[in-house]
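Participant: okay, here's the prediction I keep looking at, along with the sequence it came from:
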Amino acid sequence: CTMTGAGNHVIPNVHFRKVNGMTKGGHYRAMFRTWFDQAARKKRRSQNRKAKAARMAPRPVAGLLRPVVHPPTQRYNMK
């Protein structure tokens, strides 16, 4: 039986069915990506965001500085 053939057929070999690493011998568990560091990643991302905000702290948050935009039509160029 060939691996590739014309038509829509069932995959002819059980070799492709690696379900949850629970195949014969269970050797596929090493391929799984674990998320044990999820809380640590969350904390590190939060700390990095706070550090970045502190680095660029005295920026104009609210005031007269607005982006320069030139809308092309009458509907938008007055707003």
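Facilitator: Received the coordinates, thanks.
Participant: point out where this structure drops to low pLDDT.
Facilitator: Low-confidence segments of the chain (pLDDT under 70): 1-5, 11-31, 60-62, 79.
Participant: can you do 90?
Facilitator: 1-35, 53, 56-79 (pLDDT under 90).
Participant: that one: strands as residue ranges?
Facilitator: Applying DSSP state E to the chain gives no strands.
Participant: and the helices in it, which stretches?
Facilitator: All helices of the chain, identified by DSSP state H, fall at 38-55.
Participant: what about Ala40, neighbour count?
Facilitator: 9 (other C-beta atoms under 10 Å). Every residue, glycine included, has its C-beta placed from N, CA and C.
Participant: what sits against Gln38?
Facilitator: Counting by C-beta atoms under 8 Å, 6 or more residues apart in numbering, Gln38 touches no other residue.
Participant: and it, how far is that from Pro71?
Facilitator: Using C-beta to C-beta, to the nearest Å, we find Gln38 at a distance of 43 Å from Pro71.
Participant: what does Ala6 give?
Facilitator: For Ala6, the distance to Pro71 - C-beta to C-beta - is 55 Å.
Participant: who has more neighbours out of these two?
Facilitator: Pro71 (10 against 6).
Participant: find the nearest non-adjacent residue to the more buried one, please.
Facilitator: In space, and not counting its chain neighbours, Pro71 is closest to Asn77: 4.5 Å by C-beta to C-beta, 6 or more residues apart in numbering.
Participant: phi, psi for the one you found please.
Facilitator: Dihedral pair for Asn77: phi -80, psi 0, per degrees, to the nearest 10.
Participant: relative to Lys42, how far out is it?
Facilitator: 44 Å.
Participant: repeat for Lys52
Facilitator: Separation of Lys52 from Lys42 (C-beta to C-beta) stands at 16 Å.
Participant: do Gly63 as well
Facilitator: Counting by C-beta to C-beta - Gly63 and Lys42 are separated by 33 Å.
Participant: ok, those two, which is more surrounded?
Facilitator: Lys42 (10 against 6).
Participant: about what we covered before: neighbours around the residue nearest to Pro71, how many?
Facilitator: For Asn77, using other C-beta under 10 Å, the count is 10.
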